[in-house]
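Student: turn this into a structure:
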Amino acid sequence: MPSAQGMLGKLRAFFSSEGGLVKPGCETAVGVWPVGIPGMLFSMMAIGGYTRLTGSGLSMTDWRIEGRSLPGTEDAWVMEFEEYKR
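Tutor: Numbering: from 1, shown residues only. Prediction:
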């Protein structure tokens with residue numbers, strides 16, 4: 001059975017910059033990644049929350065998932081604009 005010191009030494013060597021998960025010189029980039037992803041997620045949530053609370057969103061009049069074509073006549077455009085103004 002290997003000693004605790006031997007196992008600890010192997011773990012240190014594996015996770016150290018000399019030979020393991022992170023190549024030498026890449027420590028900063030790898031260290032920024034776990035902070036950057038949650039930071040971007042928080043930013044998206046903050047911007048989305050601000051947009052939602054201020055009511056300054058996309059001004060869509062119809063939220064059907066499958067989409068729809070643009071109005072083809074002048075009357076259809078007028079109806080769409082009236083729907084937008086509500």
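Student: for the chain, what spans make up the helices?
Tutor: Using DSSP state H, the helices of the chain run over residues 4-15, 27-54, 74-85.
Student: I'd like the ones you listed as JSON lines, with mean pLDDT appended.
Tutor: As requested, the helices of the chain are exported to JSON lines (pLDDT from 0 to 100):
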{"stretch": "helix 4-15", "mean pLDDT": "70"}
{"stretch": "helix 27-54", "mean pLDDT": "89"}
{"stretch": "helix 74-85", "mean pLDDT": "89"}
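Student: of those, give the one that comes closest to residue 66.
Tutor: In terms of C-beta to C-beta, the element of the helices of the chain nearest to residue 66 is helix 74-85, at 17.5 Å. Backbone N, C-alpha and C define where each C-beta goes, glycine included.
Student: now that closest one - C-alpha only, PDB.
Tutor: Coordinates of the C-alpha atoms in helix 74-85 are reproduced here as PDB (Å, rounded to 0.1, in the frame of the first residue of the first chain):
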ATOM      1  CA  GLU A  74     -51.500  49.100 -45.900                       C
ATOM      2  CA  ASP A  75     -54.600  48.200 -43.700                       C
ATOM      3  CA  ALA A  76     -52.600  45.300 -42.200                       C
ATOM      4  CA  TRP A  77     -49.800  47.600 -41.400                       C
ATOM      5  CA  VAL A  78     -52.100  50.100 -39.700                       C
ATOM      6  CA  MET A  79     -53.700  47.300 -37.700                       C
ATOM      7  CA  GLU A  80     -50.200  46.100 -36.600                       C
ATOM      8  CA  PHE A  81     -49.200  49.700 -35.600                       C
ATOM      9  CA  GLU A  82     -52.400  50.000 -33.500                       C
ATOM     10  CA  GLU A  83     -51.600  46.700 -31.800                       C
ATOM     11  CA  TYR A  84     -48.000  48.000 -31.100                       C
ATOM     12  CA  LYS A  85     -49.300  51.300 -29.600                       C
END
